[in-house]
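Undergrad: Predicted model and sequence below, questions to follow.
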Amino acid sequence: MSEIHPATHQADPAKRARLRWRARRGLLENDLIITRFLDLHEVTLSDDDVDAFSRLMDLDDNELMSLILARKEPDPELDLPHVHAVLQRLRLA
């Protein structure tokens with residue numbers, strides 16, 4: 001089993017708590033999906049996953065919901081492989 005580097009998200013309980021707090025949304029549907037996603041995947045998120053998740057959390061609720069429901073795809077600034085990977089996992093949550 002590999003050790004967790006001290007600078008990583010997984011090694012810092014405060015970072016993990018901030019991530020979950022930041023994931024709280026005003027739109028109940030987003031909140032439910034994101035909570036389910038974190039319940040399933042939080043302990044296995046890589047630093048790239050956390051970066052992608054944080055980028056998605058910067059979006060407003062309606063835009064985020066459109067991405068989760070696959071009504072649209074990410075704008076160019078979010079059109080990154082690690083964002084697509086996390087978005088796919090959110091869509092399956």
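TA: Sure, I can see it.
Undergrad: gap between D31 and D48?
TA: D31 sits 24 Å away from D48, going by Cβ to Cβ, to the nearest Å. Glycine gets a C-beta too; all of them are placed from N, C-alpha and C.
Undergrad: And the contacts of whichever strand or helix holds S66?
TA: If you go by DSSP states H and E, S66 is part of helix 61-68. Helix 61-68 has contacts (Cβ atoms under 8 Å, 6 or more residues apart in numbering) with 25-27, 29-30, 33, 56-57, 59, 71-74, 87, 90-91.
Undergrad: Pick out the most distant pair among those residues.
TA: Spatial extent of these (Cβ to Cβ) is set by the pair G26 and E73 at 23.0 Å.
Undergrad: Next, L59: secondary structure please.
TA: For L59, the assignment made with DSSP: H, G, I helix; E, B strand; the rest coil gives coil.
Undergrad: contacting residues for it?
TA: Residues near L59 by Cβ under 8 Å, 6+ apart: L67.
Undergrad: Against T44, how distant is it?
TA: Separation of L59 from T44 (Cβ to Cβ) stands at 23 Å.
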